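>>> Sharing a model prediction with you, sequence too.
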Amino acid sequence: MQSSPAFSLKANPATRDIPIIFMTVRSRVEDKVRGLELGAEDCLVKPIRREELLARVKNVLRRAEAQRAAPRPETSLMRGRLEMMSLPNIIQVLEVERRTGLLYLTSAGRSGEILFADGQVTAAMEGPRMGDAAVYRLQSWMEGEFALESNAGNLPLEARVSRPNQSLLLEGHRRLDEIPRLRQALAQVEGPVRMGPVFREGLLHRPLPLLVEASSLDEWETLILLGRLITLGMLDHGPVAKGGAPRLGVQLPADFQGLTAFRTTQSFDISARGIFLRTAQVLPVGKEILVRFRLPGVAHPFKAVGRVIWSSPTDTPQGLPAGMGIQFLDLNEQEQALIERHVVEHLLDRAVKGPAEKK
């Protein structure tokens, strides 16, 4: 009982309602008092009989349930319904009045908290969402109740917001306006949706919380991320997922050769199974050719024999660019693994950064 993990739990709004029972070998009254001061609901001295422990647990749970059922004391500085006063209006009023306190919001069994200091939003929580994402999510609540309490309390460090009030409200409004369009864009996606094993493996070896903990995102970020994953070919969907190899567009030259001298194309798409050369100088399907290319950031150059499996000298009505699809015939497993790892790493980066940061 020298440290105070119970105090930390009680100081966190997300865990403060969890009942705590201390069990100790110390029998002094001072030790029991200290345990209760740290936030415990009860304190038992060892040795403890099973029957006594069960009885104490039942009593603590009974008291906790009664406290949850009891109405909140009328100590609120301000309270009302979200149908009458939306969160943006609440934030603007509290900013003008330079209020300090903890704003509680409830709606359809959900709850959220926003911490204010001199009228500025400093931290927020809503379920697994923290900080800015929690504020954006709470802005979408059109019904429910709110109450501002004078006891400011503490929220976790990760719940801190990064924007001033007006920026939060404008960004939240923009996201709410875009959500219907993003939903419509994903409406054509048929389930089930699967992530290929090579991408799952990549996630296990890289610290990408935006992908791993998608539940911590607000709806706008989740829809944006899903759209990117599908566009980049990281998610398969439909009754029968295609299960193709991940493919990456590379803006570097690649050389190819049939019976004549090497020719050059300025960009290509690459996977561990083959390469798509973006060029109008195509060779017929079935032709075996030699290709050589580099990947950005990889010192090792590649040279491989491949077979043309698709070609078109012009862009097709289906939207495919002019070029040739070439299946590798002689790449060894080590080279295939190197290409696949490179492709996966870059696609994961693109999924997180978005189109504006693609290179």
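That came through fine.
>>> Skip the chain neighbours and tell me the closest residue to residue 48.
Closest residue to residue 48 apart from its sequence neighbours, by CB to CB, 6 or more residues apart in numbering: residue 23 at 6.2 Å. No exception for glycine: its C-beta is placed from N, CA and C like everyone else's.
>>> Against residue 345, how distant is that neighbour?
49 Å (CB to CB, to the nearest Å).
>>> ditto for residue 42
From residue 42 to residue 345 the distance is 52 Å (CB to CB).
>>> what stretches of the stretch 51-200 of the chain score poorly on pLDDT?
Scanning the stretch 51-200 of the chain for pLDDT under 70 picks out the ranges 66-76, 151-153, 186-200.
>>> let's see it at 90
Counting by pLDDT under 90, the stretch 51-200 of the chain shows low-confidence ranges at 51-80, 83-85, 97, 108-110, 126-130, 133, 140, 142, 149-159, 175-200.
>>> tell me the helices in it, going along the chain?
87-96, 132-139, 165-186, 197-204 (DSSP state H, counting those that start in this stretch).
>>> Identify whichever of the ones you listed lies nearest to residue 319.
Residue 319 lies closest, by CB to CB, to one member of the helices of the stretch 51-200 of the chain: helix 165-186, at 16.9 Å.
>>> Could I get the pLDDT score of residue 220?
Each residue has a pLDDT score; the one for residue 220 is 80.
>>> Hmm, I typed the wrong one, I wanted residue 343.
Residue 343 is given a pLDDT of 80.
>>> Could you list every helix and strand in contact with whatever helix or strand it lives in?
Residue 343 belongs to helix 333-353 when assigned by DSSP states H and E. Helices and strands touching helix 333-353, by 3 or more CB pairs under 8 Å, 6 or more residues apart in numbering; DSSP states H and E, are helix 197-204, helix 209-212, helix 219-231, strand 248-250, strand 302-312.
>>> coming back round to it: please say which of residue 42 and residue 345 ends up with more neighbours.
residue 42 (18 against 15; other CB atoms under 10 Å).
>>> gap between that one and residue 64?
Taking CB to CB, one finds residue 42 at 11 Å from residue 64.
>>> just residue 85 next, same as before
32 Å.
>>> Then residue 95?
Counting by CB to CB - residue 95 and residue 64 are separated by 36 Å.
>>> can you check residue 310 too?
Residue 310 is 66 Å from residue 64, by CB to CB.
>>> Residue 128 is in contact with residue 218, correct?
No: in this structure residue 218 lies outside contact range of residue 128 using CB atoms under 8 Å: 10.7 Å.
>>> Chain neighbours aside, what residue packs nearest to residue 112?
residue 126 (3.7 Å).
>>> and that neighbour, what are its bridge partners?
residue 112, residue 129 (DSSP bridges).
>>> Could you report the neighbour count for it?
Using other CB under 10 Å, residue 126 has 23 other residues around it.
>>> quick one: contacts for it?
Applying CB atoms under 8 Å, 6 or more residues apart in numbering, we find residue 126 in contact with 105, 110-113, 134, 137-138.
>>> Please repeat the previous calculation with a cut-off of 10 Å.
Residue 126 makes contact with 105, 107, 110-114, 133-138, 140-141, 159, 218 under the criterion CB atoms under 10 Å, 6 or more residues apart in numbering.
>>> for residue 169, same thing?
Counting by CB under 10 Å, 6+ apart, residue 169 has contacts 87-89, 91-92, 95, 121, 135-136, 139, 163.
>>> could you redo the last one with a cut-off of 8 Å?
Per CB under 8 Å, 6+ apart, neighbours of residue 169: 88, 91-92, 139.
>>> distance of it from residue 334?
On the measure of CB to CB, residue 169 and residue 334 end up 54 Å apart.
>>> Residue 176 too?
Distance from residue 176 to residue 334, by CB to CB: 49 Å.
>>> more neighbours, these two?
More neighbours surround residue 176 than the other of residue 176 and residue 334, with 15 against 8 (other CB under 10 Å).
>>> Look up how far residue 79 lies from the closest residue in space to the more buried one that isn't next to it in sequence.
Distances taken as CB to CB, 6+ apart put residue 140 closest to residue 176, at 6.1 Å, once the chain neighbours are dropped. Separation of residue 140 from residue 79 (CB to CB): 21 Å.
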